[in-house]
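Asks: For reference, the sequence and a predicted model appear below.
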Amino acid sequence: MQSLRKLFKIGHGPSSSHTMGPGFAATYVKQKHPKATHYVVTLYNSLALTGKGHLTDAIIEATLAPKPVTFKFNVDIKLHPNYFVFEVYDADNLIDTVSVRSIGGGDILYDNEENHIETVYPHQSFDDIKAYCLSNNISLYDYVKAFEGPSIDVFLSEIWNQLQKTVEKGLVTEGVLPGDLKVQRKAKTLIDRAKATETEAQKQNRLVSAYAFAASEENGSGGIIVTTPTCGASGVLPAVLYYMRHHQSITDQKIIESLAVAGIIGNIIKTNATISGAVGGCQAEVGSACSMTAAAHAYLSDLELEQIEYAAEIAMEHHLGLTCDPIDGYVQIPCIERNAVAGIRAINASSLAGFLSDTRKISFDMIVHTMYQTGLDMHPKYKETAEAGMAYFYKQKK
Ligand code: SF4
């Protein structure tokens, strides 16, 4: 498995596979061809159908500026769901063609270029990691430190700082999100209402929701977020960690350790399945984020390794089959609300794992495999095309 530095990325929303990945590829092409005069970029499949709502064309154009870019939009289901091709011109001469797959979480793979994939962990499955931890009597956090080195704390601390900044910016920003839907930001209203609630359970629900809305609204407006593990699902983990740090007296160091635990869960999913909505539906994005968050919450609750695994497994199990149908291609409806629901669900999964782990029959590795197979079997129109589900019926209503 790769480093957690490849999983948690700080960058602009609203989409890791539709905005960040294409932005990275455009930077590569620009550096490779400083003398290019113009470009033709063809976006395929999900990138063609939802790219405008996800700002794919905007990020590519801005990165390649001031050279002009002409866009083409095509559907070819034989190709990867997030496929795109740069044709590079010097005057009338086509000097290079660069084909790219955006595989989720901002990661990209080139067809005919060198891909640098460095692995730092010798294990791929939770079972193998668990066996290593148990035989060496170490925690999941110690495991991460053993293979990433002590400097991983510095990296995770930067990630934690950004997660907090994103939540805090979202909490004080009002108005309407960019795009045709004119979605009203709600984080500030939610946090104001949270203060007026009476029971602890209500308060927890409102606070976690407010923090998830805050981070997800920042993402929806193209603000700076962290891929946890993607942009679309970037509200779940910060919502719960922010709640634990600021309302449950958990220290910053313990939060950093829990980020390592969440990262290992995300890495296992990314390595053995997918974290891309265009490949596996929303179960792969928000389902993965919920699973990572449940594991982090279980770690913060001082649960055992088996219970952390169970929390991550429950969280994923109850997202199986979740489709991706963003209305008009914007990462706003259902995405923002869904992040809040997943935050609450992660806490519930961790809480269940705390007292039911002796009876469990499904392993985390099995549920990851199940999620991937379910995603592959899912009809392509339910995987980030904005042509099915709520997106379809919303269009009919207009
Ligand atoms: S529905 Fe889920 S997978 Fe699809 S764009 Fe929204 S958050 Fe991402």
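Replies: Received, thanks. Numbers count the residues shown, from 1 in each chain.
Asks: all strands for the stretch 251-398 of the chain, in order.
Replies: Under the criterion DSSP state E, counting those that start in this stretch, the stretch 251-398 of the chain carries no strands.
Asks: would you list every one of the strands in the stretch 51-200 of the chain?
Replies: For the stretch 51-200 of the chain, the strands defined by DSSP E, counting those that start in this stretch cover 69-74, 83-90, 93-104, 107-110.
Asks: Please identify which of these is closest to the ligand.
Replies: The closest of those to the ligand is strand 93-104. By C-beta to the nearest ligand atom, the value is 9.7 Å. Using the backbone N, CA and C atoms, a C-beta is placed for each residue, glycine as well.
Asks: Let me see the contact set for residue 234.
Replies: Residues near residue 234 by C-beta atoms under 8 Å, 6 or more residues apart in numbering: 13, 166, 215, 216, 219, 225, 226, 227, 228, 289, 339.
Asks: Could you rerun that using 10 Å?
Replies: Taking C-beta atoms under 10 Å, 6 or more residues apart in numbering, we find residue 234 in contact with 13-16, 163, 166, 212, 215-216, 218-220, 225-228, 285, 289, 331, 335, 339.
Asks: go on, residue 181?
Replies: Applying C-beta under 10 Å, 6+ apart, the residues contacting residue 181 are 53, 220, 326, 327, 328, 330, 332, 333, 394.
Asks: Format the strands of the stretch 51-200 of the chain as a markdown table; extra columns: distance to residue 3.
Replies: Formatted as a markdown table, the strands of the stretch 51-200 of the chain follow (distance: least, C-beta to C-beta, whole Å):
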| stretch | distance to residue 3 |
| --- | --- |
| strand 69-74 | 33 |
| strand 83-90 | 26 |
| strand 93-104 | 16 |
| strand 107-110 | 12 |
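Asks: nearest to residue 179, of the ones you listed?
Replies: strand 69-74 (17.9 Å; C-beta to C-beta).
Asks: Contacts only, for the nearest residue to residue 126 once chain neighbours are set aside.
Replies: In space, and not counting its chain neighbours, residue 126 is closest to residue 364: 4.3 Å by C-beta to C-beta, 6 or more residues apart in numbering. Taking C-beta under 10 Å, 6+ apart, we find residue 364 in contact with 125-127, 129-130, 265, 268-269, 291, 295, 308-317.
Asks: Wait, residue 42 touches residue 48, no?
Replies: Yes - in this structure, residue 42 is within contact of residue 48 by C-beta atoms under 10 Å, at 8.2 Å.
Asks: Around the ligand, pick out the residues from the stretch 101-250 of the chain.
Replies: Residues of the stretch 101-250 of the chain found near the ligand (C-beta under 6 Å from any ligand atom) are 232, 233.
Asks: Point out where the stretch 101-250 of the chain drops to low pLDDT.
Replies: Nowhere does the stretch 101-250 of the chain drop to pLDDT under 70.
Asks: Of the contacts of residue 364, which belong to helices?
Replies: 126-127, 129-130, 265, 268-269, 291, 295, 308-317 (DSSP state H).
Asks: tell me the mean pLDDT for stretch 284-302?
Replies: Averaging pLDDT along stretch 284-302 gives 98.
Asks: Whether it contacts the ligand - can you check?
Replies: Yes - judged by C-beta under 6 Å from any ligand atom, stretch 284-302 comes into contact with the ligand through 285, 286.
Asks: what's the residue of the stretch 51-200 of the chain found nearest the ligand in contact with, if anything?
Replies: Proximity of the stretch 51-200 of the chain to the ligand (C-beta to the nearest ligand atom) peaks at residue 54, 7.8 Å away. Contacts of residue 54 were listed using C-beta under 10 Å, 6+ apart, and they are 13-19, 22, 46-47, 231-232, 326, 329-331, 384, 386.
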